[in-house]
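Any chance you could fold what I've pasted below:
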Amino acid sequence: MSAAPLVSVLLAVSNGEHYLRAAIESVLRQTISDLELIVVDDGSTDETPEILAVVDDPRLQVLRNEGRLGLAVSLNRGLDEARGRYVARLDADDIAFPQRLERQLQRMVSGSSIAVLGSAVLELDASGRSGSLHLMPAGPAAVRWAALFSSPFFHPSVLIDREVLERYGLRYDPEYLESEDYDLWTRLLTHAEGDNLTDPLMLYRVHPGQASQSRGELQRAFQERVSVREIERVASKLGADRAELARRVGAGLAIEAEQLEDAACAYVDLVRAFELSLQQAVARSKPAREAASRTLARLALRASGRTRGTLLRQAAALDPLLPTRAVIRRTRRLTAARGARVEAAAWLRDLRGEGASDRRRQSEPRAIRVAAVFPEPTPYRAPLLDRVAAQPEVDLTVIYAAETVAGRTWRTDRRHRAVFLRGARLPGAREILHHDYPVTPGIAHALVAARPEVVVVSGWSTFAAQAAIVWSRVRRVPYVLVVESHDEGPRAGWRRQVKGAVVPRVVERASGVLVTGTLARRSMVARGAPPERVRVFANTIDVEEFGKQADQLASRRDELRNELGARPDDVIVLSVARLASEKGLDVLIHAVAEAEDSRLLLVLAGDGPERERLEDLAGVRGVRLTLAGDREWERIVEVYVAADAFALLSEREPWAVVVNEAAACGLPLVLSDRVGAAHDLLRDGENGFLVGAGDVDAASGALRKLAADPSLRTDFGKRSRELAQDWGYGPSVAGFLAAVREAVSDTERRPPTS
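Have a look, this model is predicted:
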C-alpha cells in the first residue's frame, strides 16, 4: 500500500450526475496534491457510476452501496476507509476553491488545538451564478455558542483531525438523519475545539434537490432535538419553558409579541450559564457575547415601543460596541463577497475548460525554488526533507554546513538534492555553542547557484545560517526560520543577553517561522513572530514505519531483554542519550535508587564522556545498570521493544527525537520539564509523568508507580502511541509548503523599490 496521504477528502453521492464532475475536479486540482478522494456512491441509479468510472486519477477511490443506505452510513463507511491525517468533507453538488485545503491546513498544522475547521461559503445557484456570502462563527467560543442552536459549520466545508475522531470513537449517528453533522459536531466539541475561517473557501450549491430545501421540516425537527440536548447540558437550571424560549431566540424562530421580553431575559440567562461553562469565562466568551448581542438586536426589530427599547438595552449590555461592529462586519462582508465572486467566476470558467490552458497553468501549483540551509544531515530530518523534495510544489536544494557539526557517527540515506560546504573549524566554538562552528564562505556561492525564491534557514548559531540570513536580506529574498531552541533551562547570562538583543531582529524580519514544538513556538512569539506565521516542522521520525518495526520485533522481546541482562520479571527503564552531564543521567540513577524496587533495571543506550562516572555512581547507589553503548540507527528500535518505560531527565534539551521514538514504540514516559518534546508528546497522568529537572523525589515516585503497576504501563503506552501519530512527517510537510508559499506571496505583493 502507498504511503498514507495527508488529507482524505470524503464525498458521498446519490444520483449526482448534474454537478458531480465539477465537485471531483475541484478536489483533484487543489493546490496541495498529497490527498485521496473517497467517493461513496449511495446506490445511484443515474449516470453517477459512469462519471466516476472515467476519472483517471489514482487518488480517487470509489465505494458503492448496492442499495440506498443514507448519508450518515455512507460517510461512516468512507471514514473507515480514510487513511489521511486529516479528513475533509465536500458534497457532490458543491465546489471547493483551489486553495481550500492549503488554507485550512495552514491553520490546522500551526500548533493550534483546533480539531474541526470550517469556513465561510459563497452560494451558487443551479445555473452557476454566485450569490450571497455566508459567514460562520469565528473563534472557539463563538463556535460553541452557535452549537447550542444549530450546526456551527457548513458541513461540506469542514476539515477534521481524524486522530480525534479515532481517539474518542466518533462517527455520524444515522438516527439523526438530516442533522447527523450537527449531532457529530456537538459530541466532538466535548473533547476538542472548533473554528471557522472568515474567507469563503467553497461554493455552496443552492437548488431544489438539496436536503435543506426538499426535507427542511425533517432537518429542523432533528436540529431541535440536538439543540435542546445541548442547552440542557449547559444550563440545566434554566427550566424547560425558559430554555425553549432561549432556544427560539438563538435559532431565530418566531416568538409571540407578548413573550418577547421573557424570551430575551431567558436568552441572557443562557449567555451567563454558557460563560460559567467555559474556563476563563470573561476572556473566552467575548465572541459569544458579541454574537448574542447581534441576535437580540435583530429580535428588537420585531418588537415595538417599550419592548424594543428593553431589548436594545440588553443587546448593548452584552456588547457596548455593537453599532460599530455592525458597520465593520457589513463592510468586511461586502468586500469579501465581491472578491469571492470574482474568484468564483474565474475558477468556474477554468473547471469548465473555458479560456484556456494559460488560466489552467496559472491555477496549478508551480514549483517554488527553495534553498534550505541546515547544519548537518540527521537520520530523522533527512527523510522529512526527502518528503518535502518529492512535492511538486517545490524545487528544493538543501545546503549543509558540514557532514557533521556535532561529531555524529550515524549514516543517512538522502534522496534530496544536497550541497555540503567546506570550512575551517573555529577553535573553542564547541565549548561555547555545544557544536562546531565551521566558517564556510562558500555559502554565498551555493545560494547564488540555487537561485532561491525562498531561503529556509535552520537556526542562527552556525556561520552558514548567519551568512544565509544576511545574504537573503541583501538580495531581498524572503527567508523562513527553522527553530528548535526555547527559553527553558539554565543558560549563561551572556547567552541570554545576546539572544535577547539579536534574535528578535532576525525573527521579526523573517517571512515565517517553522518550530519543532510548543516551547519553541512560545519563544518565537515572545520575540516578535506573528502567531499565525508560526508553524510546526517537527524533529521527528517516520512514526508509522517506526511503530511497524516495533510490532515486527515484538516476538523477539524476551530475546532482546536477555541481551540487556534482564530477568523475566524485571522492569527495564530505558534512556537513550549521549552520556553527558546535561542529560540528567545522574539524577535518573539517583531516582532509580530512591524508588527502592529491586526489579528496576536501568539501561542507558549511548556513549560519552560521563560513562565511567555514571557507572561508578550506579555502583555506589546499588542500581542495576546496563550500558548498551551506541546503537546503529537501523537497530535502535530493538532497545525500545525490550524496555518497559522510557526516561529522559535532561537539564537542557531543545527537543529530543528519542521521545518520539519511545512514544511511537508504545512506552510510558518520564520526562523533565526541560525536554522540549515533553510539552507536546507527554500528557502528565495520561501517558507518563512530567517532573522538574533535577527533582529526584518526583522522578523516583514516577518510576515507583510504573514499576508497581503493569496495567498502568500498558495504558500509558497505548496513549503514547496515539499521541505520537500527531508527529509524523505529513503535517510538517504541509507546514513547510505553507510557509514557503506565504513567503513567495509576500514577495509578489511587495511594491517595487524606487
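
Which stretches in the stretch 101-250 of the chain count as strands?
114-125, 130-134, 159-161, 193-206 (DSSP state E, counting those that start in this stretch).

Let me see the domain layout of the chain.
Domain segmentation of the chain under automatic domain parsing yields 1-234+329-365, 250-320, 368-540+733-749, 543-727.

Same list, those, but as JSON lines with mean neighbour count, distance to Glu244 and mean pLDDT please.
All C-beta spots, glycine's among them, are computed from the backbone N, C-alpha and C. Converted to JSON lines, those look like this (neighbours: other C-beta atoms under 10 Å; distance: least, C-beta to C-beta, whole Å; pLDDT from 0 to 100):
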{"stretch": "domain 1-234+329-365", "mean neighbour count": "19", "distance to Glu244": "8", "mean pLDDT": "85"}
{"stretch": "domain 250-320", "mean neighbour count": "17", "distance to Glu244": "8", "mean pLDDT": "83"}
{"stretch": "domain 368-540+733-749", "mean neighbour count": "19", "distance to Glu244": "40", "mean pLDDT": "84"}
{"stretch": "domain 543-727", "mean neighbour count": "20", "distance to Glu244": "39", "mean pLDDT": "95"}
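
Between those domains, which one is closest to Asp241.
Taking C-beta to C-beta, domain 250-320 is the member of the domains of the chain nearest to Asp241, at 8.4 Å.

Can you measure across the closest one, start residue to end residue?
Taking C-alpha to C-alpha, to the nearest Å, domain 250-320 runs 19 Å from one end to the other.

for this protein, longest helix please?
helix 322-352 (DSSP state H).

What segments of the stretch 451-600 of the chain are strands?
Using DSSP E, counting those that start in this stretch, strands in the stretch 451-600 of the chain cover 454-458, 479-483, 512-515, 534-536, 571-576, 600-605.

Determine which of those approaches Ser555 most closely.
Going by C-beta to C-beta, the one of the strands of the stretch 451-600 of the chain nearest Ser555 is strand 571-576, 17.5 Å.

strand partners of the closest one, parallel vs antiparallel please.
Neighbouring strands of strand 571-576 in its sheet, by DSSP bridges, are strand 600-605 (parallel), strand 645-648 (parallel).

Export the domains of the chain to CSV and append columns for distance to Ala243.
Below are the domains of the chain laid out as CSV (distance: least, C-beta to C-beta, whole Å):
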stretch, distance to Ala243
domain 1-234+329-365, 5
domain 250-320, 7
domain 368-540+733-749, 37
domain 543-727, 35
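
Which residues are in contact with the residue most central in space within the chain?
Centroid-nearest residue in the chain, with C-alpha atoms, centre = their mean: Val109, separated by 3.2 Å. Val109 sits next to Arg535, Val536, Pro731, Ser732, Ala734, Gly735, Ala738 when contact means C-beta atoms under 8 Å, 6 or more residues apart in numbering.

Arg721 is in contact with Ala663, isn't it?
Yes: with contacts counted by C-beta atoms under 8 Å, Arg721 reaches Ala663, the gap being 6.6 Å.

sorry, back to before: for Gly250, which of the strands of the stretch 451-600 of the chain is the nearest?
Between Gly250 and the strands of the stretch 451-600 of the chain, the shortest gap by C-beta to C-beta is with strand 534-536, which sits at 35.3 Å.

Strand partners (parallel or antiparallel) of the closest one?
Strand 534-536 is paired, per DSSP bridges, with strand 512-515 (parallel).

Which residues does the strand it pairs with contact?
Here strand 512-515 makes contact (C-beta under 8 Å, 6+ apart) with 111, 456, 480-484, 507, 521, 524, 529, 533-537, 735-736, 739, 742-743.

Would you pull up how far it lies from the middle of the chain?
Between the centre of strand 512-515 and the centre of its chain there are 14 Å (C-alpha atoms, centre = their mean, to the nearest Å).

Could I get the CA-only coordinates of that strand as CSV?
Extracted in CSV, the C-alpha atoms of strand 512-515 (Å, rounded to 0.1, in the frame of the first residue of the first chain):
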residue,chain,number,x,y,z
GLY,A,512,7.6,32.8,8.7
VAL,A,513,8.9,30.5,11.4
LEU,A,514,8.9,26.7,11.5
VAL,A,515,9.2,25.4,15.0
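
still on that earlier bit, I'd like the strands paired with strand 571-576 laid out as a markdown table, including distance to Ala221.
Output for the strands paired with strand 571-576, formatted as a markdown table (distance: least, C-beta to C-beta, whole Å):
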| stretch | distance to Ala221 |
| --- | --- |
| strand 600-605 | 61 |
| strand 645-648 | 52 |
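
Relative to Arg556, which of these is closest?
Counting by C-beta to C-beta, Arg556 lies closest to strand 600-605 out of the strands paired with strand 571-576; the figure is 16.2 Å.

And the domains of the chain: which comes nearest Arg242?
Evaluated over those, closeness to Arg242 peaks at domain 250-320, with 4.0 Å, by C-beta to C-beta.

shouldn't Thr310 be in contact with Asp262?
No: Thr310 sits out of contact with Asp262 when judged by C-beta under 8 Å, with a separation of 10.9 Å.

OK, contacts around the residue nearest to Gly459 when sequence neighbours are not counted?
Closest residue to Gly459 apart from its sequence neighbours, by C-beta to C-beta, 6 or more residues apart in numbering: Ala465 at 5.3 Å. By C-beta under 8 Å, 6+ apart, Ala465 lies in contact with Val373, Pro375, Ala401, Val457, Ser458, Gly459.
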